[in-house]
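>>> got a sequence here, can you model it:
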Amino acid sequence: MEYSEVRLQFLLVSIFSLGLLAAPADAGQLASWKFDPSRNRLDFKTDAGVQPKAVMLFNPTRLVIDLPGIAFPKPTITQKLTGNFRSLRVGQFDGTTARLVLELQPGYTINPKRVQFTGENPIDWYVTIPVPERGSTTLPTLTPKPNLPR
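Got it, this is the predicted structure:
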């Protein structure tokens, strides 16, 4: 193989490799969302299939819903809510995960075991949220017991 052929092959491989690195990831996008406080229901739709993941976080109390493989290519949007819910935030958590955060008013909590996800299909979901209750959102304080003689 001649020197010019080797250079041409190296150049072609380099151009192909750069093209792969520059290609955008084929992530789906969060297409729409809506929170209905009268039904305690959050609906969202993506343009690609997703398996949502949820977790409760505290201080402040909030339900966090991650959408792996879904992008939200806009700045974070915060929607103010009324009643037992303070706000709904929608944004990009990391490079491959969009996130919806439903924050409760101070002093309210929900039972995370009663949060229900329903996928009408892989891109159309709704989350039924139990009615928030007044309650403690902090861990109980342990009081040491004195050593009493027996």
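>>> going forward, measure contacts between C-alpha atoms and count neighbours the same way
Noted.
>>> identify the bridge partners of the residue nearest the centre of the chain.
Central residue of the chain (CA atoms, centre = their mean): residue 66, 2.1 Å from the mean position. For residue 66, the beta-bridge partners under DSSP bridges are residue 53, residue 99.
>>> contacts only, for it.
By CA atoms under 8 Å, 6 or more residues apart in numbering, the contact set of residue 66 is 52, 53, 54, 93, 97, 98, 99, 100.
>>> out of the residues you listed, which is nearest to residue 78?
Set against residue 78, the nearest of the contacts of residue 66 by CA to CA is residue 100 (9.8 Å).
>>> ok, residue 44 touching residue 29?
No - between residue 44 and residue 29 there is no contact under CA atoms under 8 Å: 11.0 Å.
>>> neighbour count: the two, which is higher?
Of the pair residue 44 and residue 29, residue 29 is the one with more neighbours under other CA atoms under 10 Å, namely 20 against 17.
>>> in its sheet, what does the particular helix or strand that has the more buried one in it sit against?
Assigned by DSSP states H and E, residue 29 falls within strand 28-36. Partners of strand 28-36 in the sheet, by DSSP bridges, are strand 41-46 (antiparallel), strand 70-71 (parallel).
>>> got JSON lines for the ones you listed, with mean pLDDT and distance to residue 81 too?
Output for the strands paired with strand 28-36, formatted as JSON lines (pLDDT from 0 to 100; distance: least, CA to CA, whole Å):
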{"stretch": "strand 41-46", "mean pLDDT": "97", "distance to residue 81": "12"}
{"stretch": "strand 70-71", "mean pLDDT": "96", "distance to residue 81": "24"}
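>>> picking that back up, give the buried residues for the strand holding residue 29.
28, 29, 30, 35 (16 or more other CA atoms under 10 Å).
>>> same question, stretch 69-89
69, 70, 71, 72, 81, 84, 85, 86, 87, 88.
>>> wait, doesn't the fourth one sit right on residue 29?
So that's residue 72. Yes - counting by CA under 8 Å, residue 72 does reach residue 29; the two are 5.9 Å apart.
>>> centre of the chain to stretch 80-90, how far?
16 Å (CA atoms, centre = their mean, to the nearest Å).
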